[in-house]
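Fold the stuff below for me.
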Amino acid sequence: MIPVVILCGGRGMRLNEHTESVPKPMIEVGGMPILWHIMKGYAAHGFKRFILCLGYKGEKIREFFSGGIEDWGINCVDTGLETETGGRFRQVEAFIDTPVFFATYGDNVSDVSAAEILATHKRSGCVATMTCVRASTTFGILDLAPDGLVSAFREKPRLDMYMNGGFFCFNRGVLDYILDNEVFEKEPLQRLVAGRQLAAHVHDGYWACMDTFKDNQALNEAWARGETPWRVW
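Down below sits the predicted model:
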């Protein structure tokens, strides 16, 4: 079965009031850790084997899954407190025993289909495929008229550009693009781009990242209202 590597080791500094006691992926949305929501999404598409790259307060994640809460295969791997994202991928290399694997972060939810990402990846023939989502802004955008007046105001619009949505599909050879303890989103991604080995899976559906307390609050409020597009299970 194709494994899903999830980066769970960061400190989540912008959620410091929560992460003093638990790691960021264990912060709850609707009474369950956001990590569980992410894994439920993959499991709904038939991918139930997970490799969790632990770091800060990783024992909390081990404890949560030790009771067999789901029928998933889970390897919890301690990848260090200060290890960068690329270094965490390199540290779980021995657990990746398939030609292709998925990867994501422990703080974003989406209704994107892992099966569709895999299909895009296979069609592309590239080493790596990145899910691309529409960028948005937390600020209102103004259109200005030649006479100096505001002609339009758009509150927090989605922009006409794409950004890294954090849901990846990789050939195992992607590890050759990572040198030691690098930040994956910097030099390794640039090497893939330069070698024309990074494909895009465009997703115009739902996507959200829980980066701040406000993000967590918004997700919990959406859950309470029953507005949960990421709940594909």
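
what's in contact with stretch 127-136?
Defining contact as CB atoms under 8 Å, 6 or more residues apart in numbering, one finds that stretch 127-136 is touched by 110, 112, 117, 120-121, 156-159, 161-171, 173-174, 177, 192, 195, 197-204, 207. All C-beta atoms are positioned from the backbone trio N, CA, C, and that covers glycine.

Which ones among those lie within strands?
Secondary structure assignment by DSSP state E places 110, 158-159, 161-171, 198-203, 207 of the contacts of stretch 127-136 in strands.

and the contacts of stretch 127-136, which are buried?
Judged by neighbour count, with 16 or more other CB atoms under 10 Å as the criterion, the buried members of these are 110, 112, 117, 120-121, 162, 165-171, 174, 177, 192, 197-199, 201, 203, 207.

which stretch of helix or strand covers the residue lying closest to residue 30 once chain neighbours are set aside?
Using CB to CB, 6 or more residues apart in numbering and skipping the chain neighbours, the partner closest in space to residue 30 is residue 223 (3.7 Å). When secondary structure is defined by DSSP states H and E, residue 223 falls within helix 213-225.

And the average pLDDT for that helix is what?
For helix 213-225, the mean per-residue pLDDT is 96.

Now do the buried residues in it.
Of the residues in helix 213-225, 215, 216, 219, 220, 222, 223 count as buried by neighbour count, 16+ other CB under 10 Å.

Was I right to think the last one contacts residue 32?
By that I understand residue 223. No: counting by CB atoms under 8 Å, no contact exists between residue 223 and residue 32, whose distance comes to 9.4 Å.

gap between residue 202 and residue 79?
For residue 202, the distance to residue 79 (CB to CB, to the nearest Å) stands at 30 Å.

Going by residue numbers, what spans are helices in the chain?
Taking DSSP state H, the helices of the chain run over residues 16-19, 34-44, 58-65, 85-91, 114-124, 187-194, 213-225.

and those, which one's lowest on average pLDDT?
Here the lowest mean pLDDT among the helices of the chain goes to helix 16-19, at a mean of 63.

Check the residue lying farthest from the centre of the chain and give its pLDDT.
Computed with CA atoms, centre = their mean, the residue of the chain farthest from its C-alpha average is residue 147, at 44.4 Å. Per-residue pLDDT puts residue 147 at 84.

I'd like the distance between residue 61 and residue 166.
Applying CB to CB, the value for residue 61 to residue 166 is 18 Å.

again, but for residue 217
Computed with CB to CB, the distance linking residue 217 and residue 166 is 20 Å.

I'd like to know how many residues surround residue 205.
Residue 205 has 12 neighbours, counted by other CB atoms under 10 Å.

Skipping its backbone neighbours, what lies nearest it in space?
Residue nearest to residue 205 in three dimensions, not counting chain neighbours: residue 111, with 4.9 Å by CB to CB, 6+ apart.

contacting residues for residue 81?
Counting by CB under 8 Å, 6+ apart, residue 81 touches 9, 55, 56.
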